[in-house]
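[1] Attaching a predicted model along with its sequence, questions to come.
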Amino acid sequence: MPSEPVPSGQQPSTGPLLVRTRDELAQALADRPGPRAVVMTMGALHQGHLDLVRQAVQRVGTHGTVVVTIFVNPLQFAAGEDLETYPRDLGGDLARLEEALGGTGGSEAAVSEAGGRSSTGADRLVVFAPTQQEVYPGGQPQVRIDPGPVGRVLEGRTRPTHFAGVCQVVLTLLHLTAPRWALFGRKDAQQLAVVRAMVRDLAVPVEVVAVDTRREADGLAMSSRNAYLSPEERRQALALSQALTAGREAAAAGARPQEVREAALRVLERAPGARVDYVALVEPDTFVDLAGVGLGLVPQAPGGRLGQVNEVSRRQGLLAVAAWVGATRLIDNTILELAARD
């Protein structure tokens, strides 16, 4: 990992404040009253992450604070996954944040009432980059969180321990940062649904805000794991977004849910270099299977929460795909408007 350009607990005249401990974070937040938002990341920041941070800066306004957490959470990695090789570049992440947000906060730099120091978007960032000991001071947590039924299908079937680890770290970081808003990307749509369910069921006082997926010019969804791809694999990875396009086109033509899924599946199955994990069409919030192929949850009778379709969004579908390209597993998704059926 490159050396850190900003010592822990110190802030230059402009740019984000880096803190590494719970005590440093608590002091930094005590010094910064006002609206607060959090963006949780594992680092290796790309433009998708920066979109989350920019929207967070807009939400908190000129007197608010955005906490960006950078922590590669071991609890969401299973044995044999890429915990040890996951990209880490804290110095580069801090530089990217400052570069991307140096001019955020309006056409003119804002002046704080407290001290008169000019404020850019980067000035309003606190970057919390803790060690594992800081996040889990007792070692392996003794109290664990069950992510519920949504966390046991699709990604949860392939990675059975993943969402329990996600819930553990998200709830911990929500307690430590106490934000009004927590921003998550739609690219990890199932994570978004699991976090929303946890916040609802555990009465966590935070608003979860979804931010659209950022894509490369050729359609590839931005991901830190794209760094693993060779140039040839990078080209092959376009099959995921091409499969989603095929599904969208089928839906726009009035295809039934099963036909929408099959259109996407055909593209991904025929793509050279791609090995399909799943292609599913589900309800975006509850992950009820809309295509009737045994992926996603099964609808329940009225009055039951498990798998109950949200009436507001029941004509929307989430088309979700996962595939291996080389040794790298990638995911992507899109929201579809489905044709009304009697």
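    Noted; the coordinates are in hand.

[2] need the contact list for L220.
    Residues counted as contacts of L220 (C-beta atoms under 8 Å, 6 or more residues apart in numbering) are 226, 234, 237-238, 240-241. Every residue, glycine included, has its C-beta placed from N, CA and C.

[3] Repeat the analysis, applying 6 Å as the threshold.
    237-238, 241 (C-beta atoms under 6 Å, 6 or more residues apart in numbering).

[4] and the gap between it and H46?
    11 Å (C-beta to C-beta, to the nearest Å).

[5] go on, V208?
    21 Å.

[6] what do you get for E81?
    From E81 across to H46, the span is 20 Å (C-beta to C-beta).

[7] I335 too?
    From I335 over to H46 the distance is 22 Å, taken as C-beta to C-beta.

[8] quick one, which of the two is more surrounded?
    Higher neighbour count among I335 and H46: H46, with 17 against 14, using other C-beta atoms under 10 Å.

[9] so that one touches M222, yeah?
    Yes: taking contacts as C-beta atoms under 6 Å, H46 lies within contact range of M222: 4.8 Å.

[10] where does this protein have its least confident helix or strand?
    strand 110-111 (a mean of 30; mean pLDDT, DSSP states H and E).

[11] Could you check how far G292 is from A280?
    Counting by C-beta to C-beta, the separation of G292 from A280 is 11 Å.

[12] Would you mind telling me which of these two has more residues around it?
    Between G292 and A280, A280 has the larger neighbour count (other C-beta under 10 Å), namely 26 against 13.

[13] Pull the residues that contact the helix or strand encompassing that one.
    Assigned by DSSP states H and E, A280 belongs to strand 274-282. The contact list for strand 274-282 (C-beta under 6 Å, 6+ apart) reads 154, 158, 236, 239, 257, 260-261, 264-265, 268-269, 289-291, 295-296, 317-325.

[14] cool, and stretch 174-187?
    Taking C-beta under 6 Å, 6+ apart as the rule, stretch 174-187 contacts 35-39, 48, 52, 56, 59, 67, 192, 204, 206-213, 221.

[15] buried stuff in that stretch?
    By neighbour count on 16 or more other C-beta atoms under 10 Å, the buried set for stretch 174-187 is 174, 176-177, 179-187.

[16] How about stretch 189-207?
    189-199, 204, 206.

[17] Closest one of the buried residues of stretch 174-187 to D31?
    The closest of the buried residues of stretch 174-187 to D31 turns out to be T177 (C-beta to C-beta; 14.1 Å).

[18] and R215, how many neighbours?
    Going by other C-beta under 10 Å, the residues that sit close to R215 add up to 15.

[19] R256 versus A246, what's the distance?
    In this view, A246 and R256 are 15 Å apart by C-beta to C-beta.

[20] So the two - more neighbours on which side?
    Between A246 and R256, counting by other C-beta under 10 Å, A246 is the more crowded of the two (19 against 16).

[21] does the more buried one count as helix, strand or coil?
    helix (DSSP: H, G, I helix; E, B strand; the rest coil).

[22] who touches it in this structure?
    A246 neighbours (C-beta under 6 Å, 6+ apart): 263-264, 267.

[23] 10 Å instead?
    260, 262-268, 319 (C-beta atoms under 10 Å, 6 or more residues apart in numbering).
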